[in-house]
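> predicted model, plus sequence, below.
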Amino acid sequence: MSPWTRLLIYLVAAPILGGLLAGWDRRITARMQSRQGPPILQPFYDVLKLWKKENVVVRRSQNYYIFFFLLFTVFTGGLFFAGADLLLVIFALTLAAIFFVLGAYKASSPYSFVGAERELIQMMAYEPMVLLTAIGMYMVTKSFHVHDIAGHGSLLIFALPGVFLGFLYTLEIKFRKSPFDLSCSHHAHQELVRGITTEFSGRSLAMIEIAHWYENVFLLAWVFLFFAAMPALGIVMSVAVFLFMIFVDNVFARLKWQAALKSAWAVTVVLGFGNILVLSLWSGKPAAPPAVVDAPSAPVMVETTTPKLAAQPLPATTTTDRRN
Amino acid sequence: MSAVLGLILIPLAVGGLLCLLRSDALRTALVVTAVVVVGALSCSLAMRPSPMDLAELPFNAHTVSQGVMAVGIAISLFLIYVGIRARNALVVLLALAQGGLMVWFKAGPGAHVAVEQHLFVDNFGVIMALINGLVGGGICLYALGYMREYHGKAHADVRDRRPFFFGLLFLFMGAMFGLIFANNLTWLFLFWEVTTLCSFLLIGYTQTDEAKRNALRALVMNLAGGLAFALAIVFLHQKTGTIELQAALKSDKALALLPAALLCFAGITKAAQLPFSSWLLGAMVAPTPVSALLHSSTMVKAGVYLVLRMAPVVEGTKVGLLVALVGAVTFVIGSLAAITASDAKRVLAWSTVANLGLIVLCGGIGTYEAVWAGVLLIIFHAVAKCLLFLCVGVVEHKLHSRDIESMAGLVVSMPRVSVMMQIGMAGMFLAPFGMLISKWAVLKAVVDASPVLSVFVVFGSAATLFFWVKWMGKLLEVVTPPPRVSKELETGEAVALYGLSAATALACLLFPLISRHYIEPFVAGVYGLSASLEQGNVIIMIIMMALVLLFPITFLNYGRGVRVTDAYLGGANVQSSTRFRTSADTVQEVAIGNYYLHNLLNEAKLAWWGVAGSAVLLGLMFLLALLRL
């Protein structure tokens, strides 16, 4: 399948799949709480209804930020499914999240402000682990490209069990689920009201919802990458992770932000960094720059217009023996 | 040739002349002319093929060397005098030690050393010259309006010594050019000492007790670095028989390791890395143009310049690893400390310390990828950081505060400055702007060289995200619309700020070209091969940039099709969204303040751990360098 086809499928199918996942989430949660729960399609009805509502704002420019949040979230997922550089995907994701946060700041209400600050703390909490996940995948597959990682022959989970568990932990934050529903809770909490989304309504709130659908599909696809060598297992595991998230959401009470930050960083150091440390010791030498031409940081021979300067042309192999 | 000499000598001459000029109009004319000339010269230098052959000098190098010696002795004597007057034994000792060492070296072992090339220009030098000439020039223009206002109302108690101030600015600039172009290490050392001296005098400009104290601290720390530099020259000559920078890089790496370690130490002091960061934090007592100069185009950049120059020697050694660790620790500690600060200049200072840490990390790793990333960082950091400092300077004059909390609603009261500030901040941390591109490059270089170090980069960059976004949010948030400030910018300030904003955006759009024509040839010249960003990624970055640039366009639709209402405050709003009636039937005012995580992070404690940790690392580095590991 060409990158463009994958991209197109993502753009069309992700909101449908994301909406369905949200519907299942509500249904399963309801069953866990001995309730009947809404129909599976309820999230779509909600979004359609929101879309028709009047646009009510506190500050006139606040909704523009939300539009760009949606735009860059879709862009992030698009990059991922087109097989681009994983680090670039993370940076695009961060950019999207920052637009969201700035929109909440712009709204200038105390509750959205608290939500924005907490969202930032959460970003600070999960970002190291997310980056380490990309680095871990690079160390195993020698490429940052999603395309190459997905095409790698072995199951990444065997080399990266710690990274996987750490990634799961931060996924819980990313999904904004309990115990990390600090910045915008789905449940009524007095001190937070609706947090970061307090002042957004109508079409903007619908856009936030759609952005989350896109984002969730992208994140579950990242889980799939750990098992990409066996696609069937990958899909099963992605679904399992999603169910696990719902389970945790219903079992745990909310943590304070201090606890969220500290625990996430502790997990990152112990599981993520520990895994990478073992990996770098195991392989005997650090990952050498890949030889393939289209790899991210492939050495590019640059024509030296300055023969006088090029006094010490080192062979490329010197970069491999660097550990001492 | 003439361009190189012109770049060194013109600022020095202009600096001397400015010291004598009392008239404001004449000074303005001279500063503007000099900035234009220096800017044009540095651009013309960039147009020529590098490296240039500068073996033939149009003067007798021997005489000049003697002059260099004489100036060096004069500086040492002056510093000894300063030390005695301030009753600071450390200054006296350090100045005596390095002055004595150089005199001994010149008279004894180094008397007959042959130097082929005194000056040297390669692509790295050209990049540094462009930064120094254009960004530094912008700062000088900005200073014209800023200092007029500074002495007008804001600081009536400070004695007006503007001739001295502008003279020093240009002297600083000239010394920086000299430092960049010098190949003879004794010359480089002189320029190094001149920048130390200039920064000391400029930090102490206001002559308050605090300023004097901080200036002395900066002096002591930089003199310690200077002593290491002098020792490096002596050892280098003893071991390899040369005192030329380029020749040293090509000599046997095992022999050059100790001098390289000493030079890295000198670079670390000047780049305000832990354990020496306190001098740069203290330097913010000086007027804003000084801070901008120290933080962006000169001084600290001289430090990282030297470390990056030493990269090929320390590459793959334990000494290099320890230098990298010092940078890595500084990056994390600096970023975390910036979260706790609410003083805008302090946040910027910590962020400078942190970003320079990244560059030192690159230098310590020393692979071609890392050096490529390090040079990128230097460029983007210089432009964006300068813009931010100058913006904060303007805001400080208008709001009479540089507390970030007082900048709430700046987007209403000073729209132009607030937009430029946001451009600067975006340039510092946000995709697809410059610093992020370089951080990305650093991350890749680190992962390729030693993945374990990447943990520092990921934690540090997460922390940078937090303090920049909350600052940006503060500018945007409008609880009570503040009145619009009447005249935001003076002409000189406007030129500098608009120019730098454009440069921040342009540097991002043009960086593939900058990389191809300047950085890659330089790295390839040193290592034989170079890194670059992959074509596909560059295209994606440009698409992202285009999307981000669409954002301002949405404001054309400003206020259409929306109904404006009050914010929800958890009670009945009283008249507006700034007050509400509580359940106890009292009227409560709304106050919004950023998180500084004081119960989690303590600036003093962080700094203490950072200083202790990095001091141990530096001690280890010297030990290993002596053992030649």
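Right, received. Where do you want to start?
> report whether the lowest-mean-pLDDT helix or strand in chain B contacts chain A.
Among the helical and strand segments of chain B, the one scoring lowest on mean pLDDT, DSSP states H and E is strand B:572-573, with a mean of 82. No - under the criterion of C-beta under 8 Å from any C-beta of the partner chain, chain A is not reached by strand B:572-573; the shortest gap measures 10.6 Å. C-betas here are computed from N, CA, C, even on glycine.
> regarding A:Pro179, what is its secondary structure?
Put simply, A:Pro179 is coil when judged by DSSP: H, G, I helix; E, B strand; the rest coil.
> count of residues packed around residue 168?
As the question left the chain open, I've gone with chain A. Neighbourhood size, A:Leu168 [other C-beta atoms under 10 Å in any protein chain shown]: 18.
> meant chain B actually
That count, for B:Leu168 with other C-beta under 10 Å as the rule, works out to 23.
> try A:Lys49
For A:Lys49, using other C-beta under 10 Å, the count is 11.
> next up, the contacts around it.
For A:Lys49, the contact set (C-beta atoms under 8 Å, 6 or more residues apart in numbering or on different chains) is empty.
> tell me the pLDDT of B:Leu249.
pLDDT for B:Leu249: 86.
> er, B:Leu606 actually
B:Leu606 is given a pLDDT of 91.
> SS state for it?
The three-state assignment at B:Leu606 reads helix, by three-state DSSP.
> the one 10 residues further on too?
Classification of B:Val616 by three-state DSSP places it in helix.
> quick one: it from B:Ala129, how far?
In this view, B:Val616 and B:Ala129 are 37 Å apart by C-beta to C-beta, to the nearest Å.
> same thing with B:Gly241?
Distance from B:Gly241 to B:Ala129, by C-beta to C-beta: 30 Å.
> so between these two, which is more surrounded?
Legend: neighbour count by other C-beta under 10 Å for B:Gly241 and B:Ala129, higher for B:Ala129 (25 against 13).
> contacting residues for the nearest residue to that one once chain neighbours are set aside?
Spatial nearest neighbour of B:Ala129, excluding adjacent residues (C-beta to C-beta, 6 or more residues apart in numbering or on different chains): B:Ser42 at 4.8 Å. Contact criterion C-beta under 8 Å, 6+ apart gives B:7, B:129-130, B:132-134 as the residues in contact with B:Ser42.
> tell me which element B:Ser42 is part of?
Assigned by DSSP states H and E, B:Ser42 falls within helix B:24-47.
> centre of the chain to that helix, how far?
Relative to the chain's own centre, helix B:24-47 is displaced by 21 Å; criterion: C-alpha atoms, centre = their mean, to the nearest Å.
> quick check, A:Ala191 in a helix?
Residue A:191: Glu, not Ala. No - counting by three-state DSSP, A:Glu191 falls outside a helix, being coil.
> tell me the pLDDT at residue 99?
Answering for chain A, as no chain was given. Note for A:Phe99: predicted pLDDT of 94.
> oops, chain B please
Predicted confidence (pLDDT) for B:Gly99: 90.
> check contacts around the nearest residue to it once chain neighbours are set aside.
Among residues not flanking B:Gly99 along the chain, B:Ser76 sits closest, at 3.0 Å (C-beta to C-beta, 6+ apart). Each residue near B:Ser76 by C-beta under 8 Å, 6+ apart is listed here: B:95-96, B:98-99, B:102.
> for the stretch 1-150 of chain A, which residues score under the pLDDT cut-off?
The model of the stretch 1-150 of chain A has no residue with pLDDT under 70.
> so the residue nearest to B:Gly99 sits in a helix?
Yes - per three-state DSSP, B:Ser76 lies within a helix segment.
> how close does it get to B:Ala107?
Per C-beta to C-beta, B:Ser76 is found 15 Å from B:Ala107.
> and for A:Lys256?
A:Lys256 is 68 Å from B:Ala107, by C-beta to C-beta.
> B:Ala114 now?
Between B:Ala114 and B:Ala107 the distance is 17 Å, computed by C-beta to C-beta.
> again with A:Ser204
Going from A:Ser204 to B:Ala107 by C-beta to C-beta gives 76 Å.
> neighbour count winner among the two?
Neighbours were counted for A:Ser204 and for B:Ala107 using other C-beta under 10 Å; A:Ser204 has more, 27 against 10.
> OK, contacts around that one?
Applying C-beta under 8 Å, 6+ apart to A:Ser204 gives the contacts A:55, A:62-63, A:66-67.
> so can I have TSV of these showing neighbour count?
Shown next, in TSV, are those (neighbours: other C-beta atoms under 10 Å in any protein chain shown):
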residue	neighbour count
A:Asn55	14
A:Gln62	23
A:Asn63	25
A:Ile66	25
A:Phe67	18
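> so which residues of the chain form strands?
You didn't say which chain, so I picked chain A. A:56-57 (DSSP state E).
> actually it's chain B I care about, not the one you picked
With DSSP E as the criterion, chain B has strands at B:563-564, B:572-573, B:579-581, B:587-589.
> turn those into a markdown table, including mean neighbour count.
Below are those laid out as a markdown table (neighbours: other C-beta under 10 Å):
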| stretch | mean neighbour count |
| --- | --- |
| strand B:563-564 | 10 |
| strand B:572-573 | 14 |
| strand B:579-581 | 17 |
| strand B:587-589 | 12 |
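> which one of those strands lies closest to B:Leu185?
Proximity to B:Leu185 (C-beta to C-beta) singles out strand B:587-589 among the strands of chain B, at 62.7 Å.
> which strands and helices sit next to the closest one?
When contacts are defined as 3 or more C-beta pairs under 8 Å, 6 or more residues apart in numbering or on different chains; DSSP states H and E, strand B:587-589 packs onto strand B:579-581.
> who's in contact with the strand it packs on?
The contact list for strand B:579-581, computed with C-beta under 8 Å, 6+ apart, reads B:569-574, B:587-590.
> pick out the most distant pair among those residues.
Most distant of the contacts of strand B:579-581, by C-beta to C-beta, are B:Ala572 and B:Glu589, 14.3 Å apart.
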